[in-house]
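A.B. asks: My questions concern the predicted model and sequence given below.
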Amino acid sequence: MAADNDPESEVFEITDFTTASEWERFVSRVEEVLNEWKLTENYVEKTSPEKGAYINGSWGEQSLDIHFADFKFYITHHFLKEDCKTENGKSEEDMLPLAMQDLLCMHNDFPPRAHCLVRWYGLREFVVISPGANCEAIISESKCNLLLSSVSMSLSNSGCQVPMFVQIQQKWRRIYAGECQGPGVRTDFEIVHLRKVPSQYNHLSGLLDIFKSKIGCNLLPLPPVDIAIRYTYILQDWQQSSWPQQPPDFDTLLGGEVGGVEFGNLPFGACEEPISELHLATTWPHLTEGIVVDNDVYSDLDPLQAPHWSVRVRTADNLQCLLGDFITEFFKLCCRKESAEEILGRGNAEEGGQENSDISSALSKLTEPAAQVPLSKLSVSSMVHNARRRIRRHRHVDESPLHIDMLNSILLYLFPDAAVEKSSDKEKTTQGNSCHFLFPASPQNLFLQLKSAPCDSLTYRLALCLCMVNYSYGGLAAVAHLWQEFVLELRYRWENNYLIYGLTGGPPDLRCCLLHQKFQMLNCCIERKRARDEARKAQEGNRERERKVSGGRASASTTRETPQGKSWDSWSDSEDEFFECLSDQGEMESSHSETGKDSSKLKADGRLHPYNNMTLLHSAELLYVPVTQEPAPMTEDQLEEQSEVLAKLGTSAEGTHLRARMQSACLLSDMESFKAANPGCVLEDFVRWYSPRDYVEEEVVDGNGSTVIRGELSARMKIPGNMWVEAWDTARVTPARRQKRLFDDTKEAEKVLHYLAMLKPGDLARHLLPCLLHAAIMKLKQEESVENIPSVEKSIQQAASQANKLLHSANYDYKKFVISLLEEPEVVVLGAGQARIGRIIHRLFINAQRAALLAPVDDDLEPAAESRKIPDFPPPAGREILLRMCVPRPAPYSKALPQRLFCVLMKDEFRLAGAFSADTSFF
């Protein structure tokens, strides 16, 4: 009683059961997700999935995070993307959910690339709840049951008919438990996973016993079980195949290199067999219980008798591919910032400074208008040869980054004409002509798209050699050494008038890379220089003959004329003097002023040939085409520089006038040549030859009534301040050979050589990168053309940015088969083991079996069945058996529902994935 009167005894706790627990919140969240994904709406499929839909179709998934208290889960919706679903609001009560229909579908058994639940249960749509990242696995039985209860409650409350699974145990075991609910039916998904296969279940008959006992149907007789079986055989022994690369030949200069690398040829292929395994799957898709026998004593499952064969290949991991390695190392070279001087060493600072000052003096002397002292001691050639001697003196031959024999071989490959003795003019001409060959056009003009260089050109070969040297023969230092020697060879050719081998004639091709344009510019300079020297020699020969004929008179006359001015041949920098014809201009100007009133009495000079038998407008003399200077060739960087200079002049009247004068240098030169070739001509005569459209002719009637043709300048030529009129008035009567050169080849050649000498190896690699990629794509095309594989062809087209697809045709079944192996996850062998491809695969397994058991291999004779002591196939690496039937469960009077058991038997794994349906209305 005392206790009852105690006030503390009146305090009690109240539990509020209206507050949601963590479990209820979790169930509610799952239901919200199902409604958000619209999985609670019931759909009826018009038809079952087509055959191959699981393989060729596209699979999608969507995922969200959910929490059970502080434990994180992922809920993921996997589904096959289809457009054939139609909403049906009046579905019949006996209509089974789609998942239960999929359990019995035989069109998509054993899909090669899909979620494991798709392979085991044949589902096209399902939801999986799995532990989040860095969360422990669901191992305890109580937690598993709690999650399964949550799934069952969510499906029941939401009315969702999509099966839902929970991943339990460790993730690597791939164990799922799940449930699917429909109107009056339910399917439970269960999985058993063991390390070893129990001996009593190592065959079909034992698995049938498990399946029937699990169903527990008392209906007699039981309907037959539908069976699908797949055995997988793995081939790993490739001893009978050839080497993927040529073995190294240590007797050659490039000995020790795998793949037979040689100058001008990029390596291709892998250093090891790219295919690590070949999987042959033999399938019996539609069998019935009682037709086939497979127990611990006897088996009818002979792989050669399987109606369906399919093959897949597994490639090796971290495969070393030669072409990819070469290009990767070249990419790394492009990122280097060191100069050649830093890489090869600066040498003696004092000698280097003296050398640079000497070269600067030589260049300044070369560019002076009239040199009064010989340049024999200050020539660039002597400076370069002195520098080469100093380099060789400070760096021993054995210490060179690139071995001397290798260097000579590369230079001989780059300049094959160097093997010919360069002593006679005849040989020079031969070498010059060899440079003007036409390169074979690459397919689809690939070099134009990549802006590289033509195949087999000097730039193209240089890129290949630098790539090989960088990868195999010294890396960055060897590249710098080779480039230094390459530039010295170019300077030697410039100074000795040898055309550069491997370049087409003409001005720089702006469609090619900048380095190729620089080489072409240097070649243009050599051509101009050779032309002057040949003209000088020809003129000297003519003078010599004149001396012999006229005695000493011609010599005296020549001696008197020489101080007055220099002729065209005086521009040859092979002489000790560099001369610009400034005095000629004064001479011609004075001559022009003296005879201004009667310019027709001037002696014509620099004529080429008459022009269409036209005559001058103010005289009866024929109109001659003059000998003109060729326009100065320019590379793209020079054009950009010129454009920038012109753009900086602005849009003012003065800037516009100055810009026009700068752009009319070639026009002025042609006008002066035209005046020298046609004394007494006028601007109209020049326009008739130079720009006929600007000279308008029309028929008029003269005073005598006869029709005559009269012409006049076009309207644009009559505009006040026209540049043509101004240029014509300022043009002197000067033939092309006495004009100031539009193209100073000496100056341009030295600019090119200086540009090349200052290139860093990294910058050089970036210039040559388009050529290397061009060569790599051409190598891929060369290898692909042998097999004609569209998937590789498509990759090449993407790499080259080509718009048109190359044509291809597969003439043989095996070629189509190989193509499919590269494009598809698994390829069906038509005709199975009896077809041509099947026999080839069969022979591969026979050879591998005999090689493994050290038995002789006879490739010519088919082994007789009775004499086979060695099995043709190894024990199957994996056996998959699929059992299906539709029986009433759990009672004989229940609705007939689909039952399914997928069995996996491997060396270290035994898995049973069962889906067992039950009637929840009549049980």
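C.D. replies: Nice, I can see it. Numbers count the residues shown, from 1 in each chain.
A.B. asks: pLDDT below threshold where in the stretch 1-150 of the chain?
C.D. replies: For the stretch 1-150 of the chain, the stretches with pLDDT under 70 are 1-19, 43-47, 83-94.
A.B. asks: Please enumerate the strands of it.
C.D. replies: 43-45, 59-68, 71-80, 85-87, 125-131 (DSSP state E, counting those that start in this stretch).
A.B. asks: Packed most tightly, which of those strands would that be?
C.D. replies: Ranked by mean neighbour count, the strands of the stretch 1-150 of the chain are led by strand 125-131 with a mean of 22 (mean count of other C-beta atoms under 10 Å). Every residue, glycine included, has its C-beta placed from N, CA and C.
A.B. asks: which secondary structure elements does that one contact?
C.D. replies: strand 71-80, helix 98-104, strand 164-168 (3 or more C-beta pairs under 8 Å, 6 or more residues apart in numbering; DSSP states H and E).
A.B. asks: For the strands of the stretch 1-150 of the chain, give me JSON lines that also has distance to Leu667.
C.D. replies: Formatted as JSON lines, the strands of the stretch 1-150 of the chain follow (distance: least, C-beta to C-beta, whole Å):
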{"stretch": "strand 43-45", "distance to Leu667": "80"}
{"stretch": "strand 59-68", "distance to Leu667": "69"}
{"stretch": "strand 71-80", "distance to Leu667": "73"}
{"stretch": "strand 85-87", "distance to Leu667": "76"}
{"stretch": "strand 125-131", "distance to Leu667": "78"}
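A.B. asks: Please enumerate the helices of the stretch 1-150 of the chain.
C.D. replies: Secondary structure of the stretch 1-150 of the chain by DSSP state H, counting those that start in this stretch: the helices cover 2-5, 22-36, 53-56, 98-104, 116-121, 141-158.
A.B. asks: Nearest to Ile229, out of the helices and strands packed on strand 125-131?
C.D. replies: helix 98-104 (17.0 Å; C-beta to C-beta).
A.B. asks: which ones are touching Leu713?
C.D. replies: Contacts for Leu713 (C-beta atoms under 8 Å, 6 or more residues apart in numbering) come out as Leu683, Glu684, Val687, Asp694, Tyr695, Val696.
A.B. asks: Apply the buried test to those and list what passes.
C.D. replies: Leu683, Glu684, Val687, Asp694, Tyr695 (16 or more other C-beta atoms under 10 Å).
A.B. asks: Show me these that map onto strands.
C.D. replies: Those of those mapping onto strands are Tyr695, per DSSP state E.
A.B. asks: and of the buried ones among the contacts of Leu713, the nearest to Lys51?
C.D. replies: Asp694 (75.7 Å).
A.B. asks: Just give me the neighbour total for the residue nearest to the closest one when sequence neighbours are not counted.
C.D. replies: Spatially, and ignoring its direct neighbours in sequence, Asp694 is nearest to Ser714 (4.3 Å; C-beta to C-beta, 6 or more residues apart in numbering). For Ser714, the neighbour count with other C-beta atoms under 10 Å is 13.
A.B. asks: now the helix or strand harbouring Ser643, how far from the centre of its chain.
C.D. replies: Per DSSP states H and E, Ser643 falls inside helix 636-648. Computed by C-alpha atoms, centre = their mean, to the nearest Å, the chain-centroid distance of helix 636-648 equals 32 Å.
A.B. asks: In the stretch 501-650 of the chain, where is pLDDT below threshold?
C.D. replies: 550-602, 650.
A.B. asks: Strands along that one, start to end?
C.D. replies: 607-615, 622-626.
A.B. asks: and Gly705, which of those is closest to it?
C.D. replies: Using C-beta to C-beta, the nearest of those to Gly705 is strand 607-615, at 24.4 Å.
A.B. asks: What pairs with the closest one, parallel or antiparallel?
C.D. replies: Sheet pairing of strand 607-615 (DSSP bridges) gives strand 622-626 (antiparallel).
A.B. asks: What residues of the strand ranked longest in the chain count as buried?
C.D. replies: Looking across the chain with DSSP E, the single longest strand is strand 275-288. Residues Ile275, Leu278, His279, Leu280, Ala281, Thr282, Thr283, Trp284, Pro285, Leu287 are the ones in strand 275-288 that count as buried (16+ other C-beta under 10 Å).
A.B. asks: Just list what that strand packs against, helices and strands only.
C.D. replies: Counting by 3+ C-beta pairs under 8 Å, 6+ apart, strand 275-288 packs on strand 226-235, strand 308-315, helix 836-852.
A.B. asks: Of those, flag the one that's most buried.
C.D. replies: Buried most deeply of the helices and strands packed on strand 275-288, by mean count of other C-beta under 10 Å, is strand 226-235, with a mean of 20.
A.B. asks: which residues are contacting that strand?
C.D. replies: Residues outside strand 226-235 that contact it (C-beta under 8 Å, 6+ apart) are 106, 109-110, 204, 277-289, 292, 301, 303, 306, 844-845, 848, 873-874, 876-885.
A.B. asks: Can you list the strands that that strand pairs with?
C.D. replies: Checking strand 226-235 against DSSP bridges gives partners strand 275-288 (antiparallel), strand 878-888 (antiparallel).
A.B. asks: what angle do the longest one and strand 308-315 make?
C.D. replies: Which is strand 275-288. 160 degrees (axes from the mean of the first three to the mean of the last three C-alpha atoms, to 10 degrees).
A.B. asks: ok now strand 275-288, how far from the chain's centre?
C.D. replies: 36 Å.
A.B. asks: could I have it exported to PDB, CA atoms only?
C.D. replies: Output of strand 275-288 as PDB, limited to C-alpha atoms (Å, rounded to 0.1, in the frame of the first residue of the first chain):
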ATOM      1  CA  ILE A 275      43.900 -13.400 -78.200                       C
ATOM      2  CA  SER A 276      44.400 -15.000 -74.900                       C
ATOM      3  CA  GLU A 277      41.400 -17.400 -75.000                       C
ATOM      4  CA  LEU A 278      38.900 -18.800 -77.500                       C
ATOM      5  CA  HIS A 279      35.600 -19.800 -76.000                       C
ATOM      6  CA  LEU A 280      33.500 -22.400 -77.900                       C
ATOM      7  CA  ALA A 281      29.900 -22.700 -76.700                       C
ATOM      8  CA  THR A 282      28.000 -25.800 -77.900                       C
ATOM      9  CA  THR A 283      24.300 -25.500 -77.300                       C
ATOM     10  CA  TRP A 284      21.300 -27.800 -77.300                       C
ATOM     11  CA  PRO A 285      18.500 -25.200 -77.200                       C
ATOM     12  CA  HIS A 286      15.300 -27.300 -77.200                       C
ATOM     13  CA  LEU A 287      15.400 -30.700 -75.500                       C
ATOM     14  CA  THR A 288      12.800 -32.600 -73.600                       C
END
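A.B. asks: Could you say which of the helices of the stretch 1-150 of the chain is packed most deeply?
C.D. replies: Among the helices of the stretch 1-150 of the chain, highest average neighbours (mean count of other C-beta under 10 Å) belong to helix 98-104, with a mean of 22.
A.B. asks: helices or strands up against that helix?
C.D. replies: When contacts are defined as 3+ C-beta pairs under 8 Å, 6+ apart, helix 98-104 sits against strand 43-45, helix 116-121, strand 125-131, strand 175-182, strand 185-194, strand 878-888, strand 896-906, strand 909-919.
A.B. asks: just to revisit the earlier point, just so I know, which of the strands of the stretch 1-150 of the chain lies nearest Thr628?
C.D. replies: Nearest of the strands of the stretch 1-150 of the chain (C-beta to C-beta): strand 59-68, 71.5 Å.
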